[in-house]
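Visitor: Sequence plus the predicted model coming up.
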Amino acid sequence: GENVEQHPSTLSVQEGDSAVIKCTYSDSASNYFPWYKQELGKRPQLIIDIRSNVGEKKDQRIAVTLNKTAKHFSLHITETQPEDSAVYFCAATLSNTGNQFYFGTGTSLTVIP
Amino acid sequence: DAGVTQSPTHLIKTRGQQVTLRCSPKSGHDTVSWYQQALGQGPQFIFQYYEEEERQRGNFPDRFSGHQFPNYSSELNVNALLLGDSALYLCASSLVRESSYNEQFFGPGTRLTVL
């Protein structure tokens, strides 16, 4: 099956700086890559996703890039704010096989005011 | 429009007991997936229900079973509980459509503690 690796496991940035989280996947057939934000004690929330026919997607301060050849995708958060502090998970799936999502191990992001 | 709901919020059981967790999908969704999230880890796929049948299963023993009802709600049952079953159990719902990328939306989870 699919294997998703996520780095770094922890990340601290100063408020206003950028944060980058990287994930690699093993199954070249995977075609949907969502990112979730999970605050302490709360549910994972979908923040952005990218599909295999697109190389980059932006939503305000958040962007995701996908390199299908290298089988990696990254989350970019610009102008970080303290409320961005949370655990971020990447995931990969082949969308037409019943949506089994394979998750990375998570990145704990701390934005220092 | 109600999102995904789960009950109970927290549960404490002892080893060997059985537990049932419940999930109601987001309005309009027909598919429910269950995940186990151990502390400090990413969610691990348990199984998925669609049209009242288990459609796909992750690497979990038969002690984990489930059910989906005609209204698309679902239950997760775990028998013969082990200490290692202590985790946050997340339910995620989606709408299965051909030729589409089906976003999954998560419920708040049930925190299970096995003593």
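Guide: Yes, it's here.
Visitor: Tell me the residues of chain A that contact chain B?
Guide: A:4, A:6, A:31-32, A:34, A:36, A:42-46, A:49, A:51, A:89, A:91, A:95-106 (Cβ under 8 Å from any Cβ of the partner chain). For every residue, glycine as well, the C-beta is placed using N, CA and C.
Visitor: So out of everything in chain A, what residue is nearest chain B?
Guide: When scored by Cβ to the nearest Cβ, chain A has A:Phe103 as its residue closest to chain B, at 3.4 Å.
Visitor: OK, contacts around A:Asp49?
Guide: Residues in contact with A:Asp49 (Cβ atoms under 8 Å, 6 or more residues apart in numbering or on different chains) are A:Tyr32, A:Phe33, A:Pro34, A:Trp35, A:Lys57, A:Val64, B:Tyr101, B:Glu103.
Visitor: Could you pull up the contacting residues of A:Ser9?
Guide: Contacts of A:Ser9 were listed using Cβ under 8 Å, 6+ apart, and they are A:Thr105, A:Gly106, A:Thr107, A:Ser108.
Visitor: so which of those residues would you say is closest to A:Ser12?
Guide: A:Ser108 (9.0 Å; Cβ to Cβ).
Visitor: Out of the residues of chain A next to chain B, name the ones that lie in helices.
Guide: Using DSSP state H, no member of these falls in helices.
Visitor: now these: which count as buried?
Guide: A:4, A:6, A:31-32, A:34, A:36, A:43-44, A:49, A:89, A:91, A:95-96, A:98-106 (16 or more other Cβ atoms under 10 Å in any protein chain shown).
Visitor: which residues of the chain fall in strands?
Guide: This is for chain A. Residue ranges of the strands in chain A, as given by DSSP state E, are A:4-7, A:10-14, A:19-25, A:32-38, A:45-51, A:56-59, A:62-67, A:72-77, A:86-92, A:102-103, A:107-112.
Visitor: think we crossed wires, I meant chain B
Guide: Applying DSSP E to chain B gives strands spanning B:5-7, B:10-13, B:19-24, B:31-37, B:44-50, B:53-57, B:64-68, B:74-78, B:87-94, B:105-106, B:110-114.
Visitor: which ones are touching A:Pro113?
Guide: Under the criterion of Cβ under 8 Å, 6+ apart, the neighbours of A:Pro113 are A:Glu15, A:Pro82.
Visitor: again, only using 10 Å
Guide: For A:Pro113, the contacting residues are A:Gln14, A:Glu15, A:Gly16, A:Gln81, A:Pro82, A:Ser85, taking Cβ atoms under 10 Å, 6 or more residues apart in numbering or on different chains as the criterion.
Visitor: Buried only: go through the residues you listed for me.
Guide: Among the contacts of A:Pro113, those classed as buried by 16+ other Cβ under 10 Å are A:Ser85.
Visitor: A:Lys57 touches A:Ala63, doesn't it?
Guide: Yes - under the criterion of Cβ atoms under 10 Å, A:Lys57 lies in contact with A:Ala63, with a separation of 6.7 Å.
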